[in-house]
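**Q** Need a 3D model of the following:
(2 chains)
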Amino acid sequence: KAGVTQTPRYLIKTRGQQVTLSCSPISGHRSVSWYQQTPGQGLQFLFEYFSETQRNKGNFPGRFSGRQFSNSRSEMNVSTLELGDSALYLCASSPNLQGAEGANVLTFGAGSRLTVL
Amino acid sequence: SQQGEEDPQALSIQEGENATMNCSYKTSINNLQWYRQNSGRGLVHLILIRSNEREKHSGRLRVTLDTSKKSSSLLITASRAADTASYFCATDALSNYGQNFVFGPGTRLSVLP
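**A** I've put the predicted structure just below:
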């Protein structure tokens, strides 16, 4: 079973640009979550998608957005990049089936490391 | 604000020793999970303990949960150099609106050969 795939793995952008990150979840997983990880703030929840609907959103500005496609693949977009957006962006998927064993266990991708100059 | 808080922030031990990490949280939870992260990579799930469980074992891992104190501990027995990593607790708050896991700041474990 293939794991969670994130692309690109590394990217460098300059302030003011925008970036799109992609995540392919494990086949059959319907929930996809995104997290931002920085040395200062740790792991911060960005948003969660389920069946193409955003169910939860963390405390991030509107420059951070995402979407999920019918095949459960997800993208997140950050517009007007700031230096503070430099981080490791992690995507995680889970089956999220009520009552199922392991339903809420997250499987993470390797992350996309974004550097904003 | 982060719900989970681990301590210690960093821990250095010799191979063969046991490592104990603690996690505290603030609100009611469905379950608590522990994850491991090797440097700069994604997190790997280690173990999940439900709110109605008090202790759980998986191989060399032992997790306890005290919901009255809103705390959990992760014990790694007979540690190995390969256990060197950061360890995070994660809680999912009771919610009817999907998943929102809150991760603690993590404990960085170094196991010296």
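
**Q** Up against chain A, what does chain B have?
**A** Residues of chain B lying near chain A by C-beta under 8 Å from any C-beta of the partner chain: B:2, B:30-31, B:33, B:35, B:40-45, B:48, B:88, B:90, B:92, B:95, B:97-106. The way it works is simple: take the backbone N, C-alpha and C, and place the C-beta from them, glycine included.

**Q** Please report phi then psi for residue 84.
**A** No chain was given, so I picked chain A. phi -70, psi -10 (degrees, to the nearest 10).

**Q** ah, I was thinking of chain B
**A** The phi/psi pair for residue B:84 (degrees, to the nearest 10) is phi -60, psi 120.

**Q** quick one: it from chain A, how far?
**A** Separation of residue B:84 from chain A (C-beta to the nearest C-beta, to the nearest Å) stands at 18 Å.

**Q** What sits closest to that residue if chain neighbours are left out?
**A** residue B:111 (4.9 Å; C-beta to C-beta, 6 or more residues apart in numbering or on different chains).

**Q** where does residue A:28 fall, helix, sheet strand or coil?
**A** Assigned by DSSP: H, G, I helix; E, B strand; the rest coil, the conformation of residue A:28 is coil.

**Q** backbone phi and psi for it, please?
**A** Torsion angles, degrees, to the nearest 10, at residue A:28: phi 100, psi -20.

**Q** ok so, going back, bridging residues for the residue nearest to residue B:84?
**A** On the basis of DSSP bridges, residue B:111 is bridged to residue B:13.

**Q** Isn't it up against residue B:81?
**A** Yes: applying C-beta atoms under 8 Å as the test, residue B:111 and residue B:81 come out as touching, 5.2 Å apart.

**Q** So if I had to pick from the two, which one is more boxed in?
**A** Neighbours were counted for residue B:111 and for residue B:81 using other C-beta atoms under 10 Å in any protein chain shown; residue B:111 has more, 20 against 11.

**Q** rewinding a little: okay, and the common contacts of residue B:111 and residue B:81?
**A** residue B:15 (C-beta atoms under 8 Å, 6 or more residues apart in numbering or on different chains).

**Q** in the helix or strand of chain A with the lowest mean pLDDT, what's buried?
**A** Across the helices and strands of chain A, mean pLDDT, DSSP states H and E gives its lowest value to strand A:53-57, namely a mean of 89. Under the neighbour-count criterion of 16 or more other C-beta atoms under 10 Å in any protein chain shown, strand A:53-57 has A:55, A:56 buried.

**Q** Right, I'll leave it there.
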